[in-house]
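Novice: When you get a sec, could you give me coordinates for this:
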Amino acid sequence: MEIKDIQPNTGNIDLVLKVVEKEDPRSFEKFGKEGRVCNIKVSDDTGDVKLTLWNDDVDSVNVGDKIHLQNGWCSEYRGEKQLSSGKFGKIEIVEAASKEVFTNSAEMLGQQTGGVAENGAESEGEEGVELIKDEEVVE
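Specialist: The predicted structure follows:
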């Protein structure tokens, strides 16, 4: 199944999706119980759609993850299709996003800027070392 094939008010949806955006989580209270909810935007080769995460799924799913929605539900909200795991569905992380950070931050490298590193080498202009001007997150 692909995003282009889903129809509002249908269940038993089985999709593998890439998480491309994540909104800030919100807290709610219903029937005296607290919970959390968060919308994410997911995509495949045929398009994108919003998916609602509930409670534990809010913290386990991140931008860049590849997820498998099993036995999901599609509803319609303000004219837009919206997926959720529903009562009987499940969201599984197939492939977690990479969280490598590349930096030349002296604090992160344990060095002083423009001084001498712990090993006695100069921290700027050292041959064979390319310094990056700003921090980058590579996903």
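Novice: CA only for contacts and neighbour counts going forward, please
Specialist: Noted.
Novice: Okay, domains of the chain per the record?
Specialist: Split into domains by automatic domain parsing, the chain comes to 3-95, 98-139.
Novice: taking the mean pLDDT, what do you get for the first one?
Specialist: Across domain 3-95, the average pLDDT comes to 95.
Novice: and the end-to-end length of that domain?
Specialist: End-to-end distance of domain 3-95 (C-alpha to C-alpha, to the nearest Å): 19 Å.
Novice: where along this structure do the helices fall?
Specialist: In the chain, the segments counted as helices under DSSP state H are 56-60, 106-109.
Novice: To residue 84, which of those lies closest?
Specialist: Closest approach to residue 84 among these (C-alpha to C-alpha): helix 56-60, 10.7 Å.
Novice: same for the closest one, what does it pack against?
Specialist: Contacts defined by 3 or more C-alpha pairs under 8 Å, 6 or more residues apart in numbering; DSSP states H and E place helix 56-60 against strand 33-44.
Novice: Give the pairing partners of the strand it packs on; include direction for each.
Specialist: strand 10-22 (antiparallel), strand 26-30 (antiparallel), strand 47-54 (antiparallel) (DSSP bridges).
Novice: Identify whichever of those lies nearest to residue 77.
Specialist: Short answer: strand 47-54, nearest of the strands paired with strand 33-44 by C-alpha to C-alpha, at 10.1 Å.
Novice: Dump the helices of the chain to JSON lines, plus mean neighbour count and distance to residue 67.
Specialist: Below are these laid out as JSON lines (neighbours: other C-alpha atoms under 10 Å; distance: least, C-alpha to C-alpha, whole Å):
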{"stretch": "helix 56-60", "mean neighbour count": "15", "distance to residue 67": "11"}
{"stretch": "helix 106-109", "mean neighbour count": "11", "distance to residue 67": "31"}
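Novice: could you dump these to JSON lines with distance to residue 90?
Specialist: Shown next, in JSON lines, are these (distance: least, C-alpha to C-alpha, whole Å):
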{"stretch": "helix 56-60", "distance to residue 90": "9"}
{"stretch": "helix 106-109", "distance to residue 90": "38"}
